[in-house]
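J.: Just need the structure, nothing else, for what follows:
(one chain, ligands or ions: 1)
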Amino acid sequence: MRLCVIGSGYVGLVSGACLADVGNTVVCVDKDPAKVASLKKHRIPIYEPGLEEIVRRNVEEGRIFFTTDLAEGLRSAEICLITVDTPPGGDGRADLSSVLGAAGQIGELLDHPAVVVTKSTVPVGTTMRVKEKIAEGLRRRGLDPEKLLSVASNPEFLKEGDAVADFMKPDRVIVGVENDDVAEKMHLLYSPLMRRSDRFIRMSIPSAELSKYAANAMLATRISFMNEMARLCEKVDADINEVRRGLGADPRIGPDFLYAGLGYGGSCFPKDTRAIIGLGRERGAETTIVEAVNRANEMQRAWFWNKIVDHFGGLGALKGKNVAVWGVAFKANTDDVRFSPALYLIEQLQDAGASVAAFDPVAAEGAKTALGKRANELRWTRGAYDAVEGAHALVVCTEWREFRSPDFARMKSMMSAPVVFDGRNLYDPKAMAEYGFKYVSVGRKA
Ligand SMILES: NC(=O)c1ccc[n+]([C@@H]2O[C@H](COP(=O)([O-])OP(=O)(O)OC[C@H]3O[C@@H](n4cnc5c(N)ncnc54)[C@H](O)[C@@H]3O)[C@@H](O)[C@H]2O)c1
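T.: Okay, here's the model as predicted:
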């Protein structure tokens with residue numbers, strides 16, 4: 001098939017590359033000329049394991065192309081996937097300007113029958129707004145939307161860091177459609193990824209749109225729930241890891257997504273929980289659980305920050321202290337720093353007058369952009385150990401593999417004080433005590 005993918009970010013680039021890899025011809029369109037120029041040179045603007053190789057292979061074999069020109073992308077495309085950003089707007093609801101902007105452009109250019117698919121995470125009703133927006137453009141140009149335009153909702157469930165595997169072997173492909181023809185076409189698109197068992201789930205467009213938000217809200221709920229249990233564990237001398245194992249062994253609950261930590265971040269859970277709350281308010285169906293999940297998430301970061309403050313004996317005592325931060329990405333295996341808890345902690349430390357040294361194997365550049373002027377007041381190091389040199393404390397914010405079993409003796413000899421705040425529960429409290437560290441983690445005895 002000939003496909004056009006609008007937006008070459010985490011979702012668009014992975015979708016485009018993987019769909020090219022199974023034989024489709026894909027034109028990826030992005031409005032950012034720098035991004036397109038770098039993609040044309042096979043340089044991937046994001047860190048996503050395995051992606052570069054797929055892009056390179058498909059560029060070389062002439063199946064994937066990059067452009068800023070939507071006309072070029074749409075030319076003879078049978079399916080057009082919209083994978084642009086939907087950041088939180090001022091009122092918490094999803095900002096749809098990129099999605100509707102793309103729809104407006106399609107309406108100005110489409111001249112042959114195509115299925116336009118919203119793959120971005122969008123509130124219920126957006127796919128039909130996209131349809132109307134495109135139809136307006138077509139009608140203005142004297143074309144008949146009935147003949148040229150069909151739409152579908154196909155939310156994406158990939159996880160950053162595992163995105164290629166998730167896309168190539170999806171747990172499920174959810175597609176919301178208005179008629180059988182579109183369902184068949186979408187099924188054809190995804191069937192190469194579901195050869196062993198058909199995981200295609202057809203539903204109405206509003207159900208598909210809501211399924212994505214519901215999935216993210218449920219996952220966020222599990223995280224906030226475990227964080228709440230972790231806070232309780234500390235009060236009653238229980239250990240959240242033990243509780244997690246006990247809890248996860250129940251097949252009705254399962255072991256995944258039950259890790260306590262610094263609270264969720266990233267480009268999806270914070271914005272999608274806010275969007276679902278906004279949608280609920282707008283439609284008169286209050287989402288009290290999701291509101292509580294969000295509040296618990298905000299509390300978690302502040303709770304962990306207070307542990308740091310308490311250790312130093314108050315905010316004022318942090319002035320002039322050296323604090324190392326390991327990891328700025330919101331989770332391991334990605335360079336995404338959107339809503340990363342590490343950025344929150346860095347800002348708190350800086351506001352308290354601490355000198356921060358930070359290390360992340362791939363996300364430093366993104367963090368520098370996100371932190372703006374604050375980034376200049378930070379010492380960015382080339383390695384994890386450089387960051388702890390002279391530190392009065394280390395704060396572990398991301399569970400990168402290289403942080404999981406460091407040389408503790410070396411760390412201790414380099415630090416001004418052997419203190420570790422572990423926001424990811426990477427280390428064994430008993431072993432840390434034996435090494436002579438003061439060790440503070442989440443929901444476990446010191
Ligand atoms: N990142 C994830 O893990 C993930 C997972 C599932 C779903 N989603 C959803 O997918 C959508 C995209 O997320 P992302 O993380 O890939 O975003 P992103 O910010 O990484 O990428 C979006 C891209 O779209 C481009 N763009 C915006 N408007 C455009 C236009 N009119 N024409 C051409 N290009 C345009 C931007 O330049 C940018 O490169 C969001 O709705 C997000 O919620 C994201």
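J.: Check which helices and strands the helix or strand encompassing L345 is in contact with.
T.: L345 is part of helix 341-351, with elements assigned from DSSP states H and E. Applying 3 or more CB pairs under 8 Å, 6 or more residues apart in numbering; DSSP states H and E, one finds that helix 341-351 contacts helix 288-312, strand 322-326, strand 355-359, helix 364-371. The way it works is simple: take the backbone N, C-alpha and C, and place the C-beta from them, glycine included.
J.: Three-state assignment for the closest residue to K40 other than its chain neighbours, please.
T.: Closest residue in space to K40, ignoring its immediate chain neighbours: F66 at 5.3 Å, by CB to CB, 6 or more residues apart in numbering. Counting by DSSP: H, G, I helix; E, B strand; the rest coil, the backbone at F66 sits in strand.
J.: Just the pLDDT at F66, thanks.
T.: On the pLDDT scale, F66 is placed at 98.
J.: right, and it touches D32 too?
T.: No - between F66 and D32 there is no contact under CB atoms under 8 Å: 10.7 Å.
J.: Now for these two: what residues contact both?
T.: Common neighbours of F66 and D32 (criterion: CB atoms under 8 Å, 6 or more residues apart in numbering): S8.
J.: For those two, indicate the residue with more neighbours.
T.: Remark: of F66 and D32, F66 carries more neighbours, 24 against 14, as counted by other CB atoms under 10 Å.
J.: So which bits of the stretch 201-350 of the chain are right by the ligand?
T.: S267, C268 (CB under 6 Å from any ligand atom).
J.: Go through the helix holding L345 and flag the buried ones.
T.: Neighbour counts using 16 or more other CB atoms under 10 Å place P341, A342, L343, Y344, L345, I346, Q348, L349, Q350 of helix 341-351 among the buried residues.
J.: Contact partners for the last one?
T.: What that stands for is Q350. Neighbour list for Q350: V356, R374, E377, L378 [criterion: CB under 8 Å, 6+ apart].
J.: Distance of the residue in the chain positioned nearest to the ligand relative to D422?
T.: As assessed by CB to the nearest ligand atom, the ligand sits closest to G9 within the chain, at 1.8 Å. As judged by CB to CB, to the nearest Å, G9 and D422 stand 31 Å apart.
J.: just the strands in this structure please.
T.: Taking DSSP state E to define them, one finds strands in the chain at 2-6, 25-29, 64-67, 79-82, 114-118, 149-153, 173-177, 200-203, 322-326, 355-359, 379-380, 393-396, 419-422, 438-440.
J.: from what I can see K271 touches P87, true?
T.: Yes - look at K271 against P87 with CB under 8 Å: they come within range, at 6.4 Å.
J.: where along the stretch 101-250 of the chain do the helices fall?
T.: Per DSSP state H, counting those that start in this stretch, the stretch 101-250 of the chain carries helices over the ranges 126-140, 145-148, 163-168, 180-190, 205-236, 240-248.
J.: closest one to F257 among those?
T.: Between F257 and the helices of the stretch 101-250 of the chain, the shortest gap by CB to CB is with helix 205-236, which sits at 4.5 Å.
J.: buried sites along that closest one?
T.: Under the neighbour-count criterion of 16+ other CB under 10 Å, helix 205-236 has 205-206, 208-213, 215-217, 219-231, 233-234 buried.
J.: Same check on stretch 131-140?
T.: Buried residues in stretch 131-140, counting neighbours by 16+ other CB under 10 Å, are found at K131, K133, I134, A135, G137, L138.
J.: same check, this time on stretch 362-379
T.: V362, A363, A364, G366, A367, K368, A370, L371, R374, A375, L378.
J.: gap between the first one and D32?
T.: It stands for V362. Distance, V362 to D32, using CB to CB: 20 Å.
J.: next one: the last one
T.: Noted for L378: a distance of 26 Å to D32, by CB to CB.
J.: Distance-wise, check the residue of the chain most remote from its centre relative to H112.
T.: Within the chain, G142 marks the point farthest from the mean C-alpha position, 40.8 Å out by CA atoms, centre = their mean. With distances taken as CB to CB, G142 is found 15 Å from H112.
J.: same deal with L13?
T.: Distance from L13 to H112, counting by CB to CB: 25 Å.
J.: Over to Q105?
T.: Distance of Q105 to H112, given as CB to CB: 16 Å.
J.: Looking at these two now, which is surrounded by more residues?
T.: Neighbours were counted for Q105 and for H112 using other CB under 10 Å; Q105 has more, 20 against 12.
J.: just checking, that one touches A71?
T.: No - using CB under 8 Å, Q105 is not in contact with A71, being 9.1 Å away.
J.: on that earlier part again, quickly compare the helices and strands packed on helix 341-351 and say which is most buried.
T.: Highest mean neighbour count among the helices and strands packed on helix 341-351 (mean count of other CB atoms under 10 Å): strand 322-326, with a mean of 26.
J.: so that one versus strand 355-359, what angle?
T.: If you take axes from the mean of the first three to the mean of the last three CA atoms, to 10 degrees, strand 322-326 sits at 20 degrees to strand 355-359.
J.: ok, strand 322-326: who's next to it in the sheet?
T.: Strand 322-326 has the following strand partners under DSSP bridges: strand 355-359 (parallel), strand 393-396 (parallel).
J.: Of all these, which one is nearest R75?
T.: Comparing these by their distance to R75 (CB to CB), the top pick is strand 355-359, with 45.5 Å.
J.: Could I get the average pLDDT for that closest one?
T.: For strand 355-359, the mean confidence score works out to 98.
J.: D111 - nearest residue in space that isn't next to it in sequence?
T.: Nearest non-adjacent residue to D111, counting by CB to CB, 6+ apart: L143, 7.0 Å away.
J.: ah, wrong one, I meant A375
T.: Among residues not flanking A375 along the chain, K368 sits closest, at 4.1 Å (CB to CB, 6+ apart).
J.: care to break this protein down by domain?
T.: Partitioning the chain according to automatic domain parsing yields domains covering residues 2-203, 204-446.
J.: Endpoints of the last one, how far apart?
T.: This stretch, domain 204-446, spans 51 Å end to end (CA to CA, to the nearest Å).
J.: Distance from it to the middle of the chain?
T.: What separates the centre of domain 204-446 from the centre of its chain is 15 Å, taken as CA atoms, centre = their mean, to the nearest Å.
J.: Would you mind giving me the confidence score for the nearest residue to P206 once chain neighbours are set aside?
T.: Once flanking residues are discounted, P206 sits nearest to V124: 4.7 Å by CB to CB, 6+ apart. Looking at V124, its pLDDT is 95.
J.: swap in the one 3 residues further on?
T.: What the model reports for T127 is a pLDDT of 98.
J.: what's the neighbour count on it?
T.: Here the count is done by other CB under 10 Å, and T127 has 27 residues near it.
J.: which ones are touching it?
T.: Contacts of T127 by CB under 8 Å, 6+ apart are T118, V151, A152, S153, G176, I205, A208, E209.
J.: Tell me how many other residues crowd I253.
T.: By other CB under 10 Å, the residues close to I253 number 12.
J.: Could you check how far it is from A230?
T.: As for I253, its distance to A230 is 16 Å (criterion: CB to CB).
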